[in-house]
Each structure stands twice: as structure tokens, then as C-alpha cells.
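Peer 1: Take this sequence and fold it.
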Amino acid sequence: MSCNVQTVEMYKLLGVQRVVIYNTSCGQDLEPVLVHYREEGILEIVEWPIDQFLNPSKGWRFEEHKGDLHYYGQLTTLNECIYRYMYQSKYVLLHDIDEIVMPYQHANLHLLLEDLQHQHPRVGVFVIENHIFPKNHYEDSGKFKLPQWREIPGINILEHIYREPSREAVINPTKLIVNPRHVVQTSVHSVLKTLGETFWVPPDVCRLVHVRVPLQGSLTKDQLLVDKKLWEYEKELVQNVDNTLRKSGLLL
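Peer 2: Residues are numbered from 1 along each chain as shown. As a prediction, this is how the structure comes out:
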């Protein structure tokens, strides 16, 4: 959905108090959503016209894509975010807009982190596994093919309940929850220099819900795992998404 409204609304339900977007450019269909969230107070936009001064690579393989900065300046952005909010935020979640850090044993992220920090007081970096929900496989009943969302661009995450299984010989990609005061330098999937310890959070406690093209494209729906965790929030999520789309002028 436009600006992944579902992601922002899901994070609000999980207790996130601030969402930060580094904005390099913005289309006309996206602007009303950003304005709404900024006025609501949940969103901070950091204008980031980095391509006016440098040549960011458009791919992650340096030898192929070259450029002055790796992959749209992603590493620069992540590190700038840590230092910008080092003394404003207790924790910073570093991930993409189409990924949701989802607690599976706690009602929200506050309770998750309180529990993890109590169990691991020296840890300043929590590593969260990314788990793929293939966007080409849909929930069979169609209960979330809502008519009011038919013309809204993007993916409806509630329609995708099938998760790729983990593979023994393959390490799942990861993203991070960090105490920014413990981080000196970060990369995308791991912290390069930290003042504390690092803990890999078990996926049955927390995982990244990531609806995207499949990584294991040969698997049939029967070979995927059914994961309806998002549906636990369906009533509030649908209502809040509708309200945001309406206030943004995308729904009548």
C-alpha cells in the first residue's frame, strides 16, 4: 500500500513512537500520506538529496554497479540515523519499510525488549531473522481482498500468510534492533563496532515479516508454513489503515 501504510499502522499497534524516513524523492501519490503522518507526529522526514552531491550505486555489488556510495548510500543512512537519534531513542530498529519486526511471544515491542534486556543486560544489539512471505501466494478465502483497498497501489500484507521454511544450510538474512548508545558503526545486517554484546533473537520469539518475491520460488503453497500472526491485529489494523487513507485523501 502507498508508503506501506499497513507497516506504519502495524508499528503504531506494536508501540513504536517514531518512524524516520530518509527521503531522496517523493511521488505525488505518496506526499499526502507523508504529510498526514508528519502532522500526526509519528513520522520524521529527513530530507536526503544525496544524489545531488554524489553518485550512489544502484546495486549492492560494487564491482558491477560502481558509484561513490554503496547501494543508494544505505550504509551512510543507517549510521547517520544511529548518531542522530543516539540520545533521543532508547532503541532504534534498522530495517526496510516493507519489513515488520514482529514479536511472537509478546503483545508489543516494549514488552519484548524489556524481557530481552532483562535476560541479557550486557546486550546492545539484537539480531532479528528475516523470514519471507512470498507475495505470489495468497490466503485462500480472500477475506482481506477489501473493496476499499482495490485501487490502492502496493501489497496488502494481510493476504499473505504463507512463510518460507528455514533451510539448514542457509543463514536467513537479518536486520537489527540496537541501543544506539552501544553502537559505534553498523552495516546492514550486522553491527561492525559495538560497545556491548550481540544477541541473535530466536525466530519463535521475534522475526521479520517480509512480504516480497520468493527466495525459494520452487516451493508450492503446500510446502510453505502457515503464519497468521498479523491477523491477531486485523480489526484495529484495518480500521486504522482505512482512517489514514481517508485522511490522506486516498479513500472517500
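Peer 1: now the helices: where do they sit in the stretch 51-200 of the chain?
Peer 2: Assigned by DSSP state H, counting those that start in this stretch, the helices in the stretch 51-200 of the chain fall at 62-65, 74-84, 109-119.
Peer 1: Tell me which of these sits most buried.
Peer 2: Mean neighbours per residue, mean count of other Cβ atoms under 10 Å, is largest over the helices of the stretch 51-200 of the chain for helix 74-84, with a mean of 17. Quick note: C-beta positions are derived from backbone N, CA and C, even for glycine.
Peer 1: Select the longest helix from the protein.
Peer 2: helix 234-247 (DSSP state H).
Peer 1: buried set for that one?
Peer 2: Leu237, Val238, Asn240, Val241, Asp242, Thr244, Leu245, Lys247 (16 or more other Cβ atoms under 10 Å).
Peer 1: and what of stretch 196-216?
Peer 2: Of all the residues in stretch 196-216, those buried under the rule 16+ other Cβ under 10 Å are Gly196, Thr198, Phe199, Val201, Cys206, Arg207, Leu208, Val209, His210, Val211, Arg212, Pro214.
Peer 1: chain center to the helix-or-strand element of the chain with minimal mean pLDDT, what's the gap?
Peer 2: Within the chain, no helix or strand scores below helix 62-65, which has a mean of 78 by mean pLDDT, DSSP states H and E. Helix 62-65 sits 26 Å away from the centroid of its parent chain (Cα atoms, centre = their mean, to the nearest Å).
Peer 1: Likewise for stretch 102-118?
Peer 2: 16 Å.
Peer 1: Can you give me the first-to-last residue distance of that stretch?
Peer 2: Stretch 102-118 has an end-to-end distance of 19 Å (criterion: Cα to Cα, to the nearest Å).
Peer 1: Need the CA coordinates for stretch 187-197. PDB is fine.
Peer 2: Extracted in PDB, the C-alpha atoms of stretch 187-197 (Å, rounded to 0.1, in the frame of the first residue of the first chain):
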ATOM      1  CA  SER A 187      26.400  -2.400   8.500                       C
ATOM      2  CA  VAL A 188      23.100  -3.500   7.000                       C
ATOM      3  CA  HIS A 189      22.800  -7.000   8.600                       C
ATOM      4  CA  SER A 190      25.300  -6.700  11.500                       C
ATOM      5  CA  VAL A 191      27.000  -4.100  13.700                       C
ATOM      6  CA  LEU A 192      30.700  -3.600  12.800                       C
ATOM      7  CA  LYS A 193      31.800  -2.000  16.100                       C
ATOM      8  CA  THR A 194      29.800  -2.200  19.300                       C
ATOM      9  CA  LEU A 195      30.400  -1.300  23.000                       C
ATOM     10  CA  GLY A 196      28.200  -4.200  24.200                       C
ATOM     11  CA  GLU A 197      27.300  -7.700  23.300                       C
END
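Peer 1: Tell me the buried residues in it?
Peer 2: In stretch 187-197, counting by 16+ other Cβ under 10 Å, buried: Val188, Val191, Thr194, Gly196.
Peer 1: Residues touching that stretch, excluding its own?
Peer 2: Contacting residues not belonging to stretch 187-197 are listed as 74-75, 78, 94, 120, 122-125, 127, 173-176, 178-179, 181-186, 198 [Cβ atoms under 8 Å, 6 or more residues apart in numbering].
Peer 1: what do you get for stretch 206-224?
Peer 2: Contacting residues not belonging to stretch 206-224 are listed as 95, 98-106, 112, 128-137, 155, 157, 160, 162-165, 167, 174-175, 227, 229-230 [Cβ under 8 Å, 6+ apart].
Peer 1: redo that, cut-off 7 Å
Peer 2: 95, 98-104, 112, 128-137, 155, 157, 160, 162-164, 175, 230 (Cβ atoms under 7 Å, 6 or more residues apart in numbering).
Peer 1: Pull up the distance across that stretch, start to finish.
Peer 2: Stretch 206-224: ends 19 Å apart by Cα to Cα.
Peer 1: Sweet, I'm off.
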